[in-house]
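J.: requesting a structural model of the entry that follows:
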Amino acid sequence: MTQVAEQVARYAQEKRLSVQTLIRWQAWVEEDQRAFLVVAQELQLGENHLRDFLDWLEEIIRRDGGTARNLLARPEVLQPLEAKLGRNDKLKAVKEGLRKLRYPHLCCLEENLREAVKALDLGGRVHISFPPTLEGDEVTIAMKACNVRELTESLSHLQRRLDDGMLQRIFDLLDQE
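T.: So this is what the prediction gives:
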């Protein structure tokens, strides 16, 4: 057994990983095992998170090619790992980085929607939100007002954006999905 295989087995024992998960991890080439061990140790991954990471990495590799070590060295993953964050914040940031690699089209759409909402310039009293993971095609528009004048102003801003077609851009983006 190689040194990396021993380290992976020791980690699996410490975290009480299932035999199936360990076998799956050890099926990777040694360099990939080593790279993932560094991530697993830094994030203190247990069975469920570790299995999720294996799923995501393998899915990206199947679709795009490459290796786990190359994916784990990408800035989307490496920067949060090296940041001065607590464990939970690092885990969340690394998962988001992998999500961007896993769903590049969805992440691009989210960014385009953020830019389109910002371009509307509706002010702080109007909030536009979308369904989680953009499932569905409904847009929620919420307004806050302390009086009728504020409500009228917000409605006027919104009406101008309907009239000039800028609000349509959001629906057009959602229709592309």
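
J.: give me the element the residue most central in space within the chain is part of.
T.: By Cα atoms, centre = their mean, the chain has its centre lying nearest to residue 96, at 2.8 Å. Using DSSP states H and E, residue 96 sits in helix 87-102.

J.: how about that helix: buried residues?
T.: 90-91, 93-95, 97-98, 100-102 (16 or more other Cβ atoms under 10 Å). No exception for glycine: its C-beta is placed from N, CA and C like everyone else's.

J.: one more: stretch 53-65?
T.: Within stretch 53-65, the residues scored as buried using 16+ other Cβ under 10 Å are 53-54, 56-57, 60-61.

J.: helices or strands up against the worst-scoring helix or strand of the chain on mean pLDDT?
T.: Every helix and strand of the chain was ranked by mean pLDDT, DSSP states H and E. The lowest is helix 166-176, at a mean of 89. Using 3 or more Cβ pairs under 8 Å, 6 or more residues apart in numbering; DSSP states H and E, the elements in contact with helix 166-176 are helix 104-120, helix 148-163.

J.: mean pLDDT lowest where, among the ones you listed?
T.: Sorting the helices and strands packed on helix 166-176 by mean pLDDT places helix 104-120 lowest, at a mean of 91.

J.: name the residues that touch that helix?
T.: Helix 104-120 is contacted by residues 99-100, 128, 130, 133-134, 161, 166-167, 169-170, 173-174, 176-177 when judged by Cβ atoms under 8 Å, 6 or more residues apart in numbering.

J.: ok, 7 Å please
T.: Helix 104-120 has contacts (Cβ atoms under 7 Å, 6 or more residues apart in numbering) with 100, 128, 130, 134, 161, 166-167, 169-170, 173, 177.
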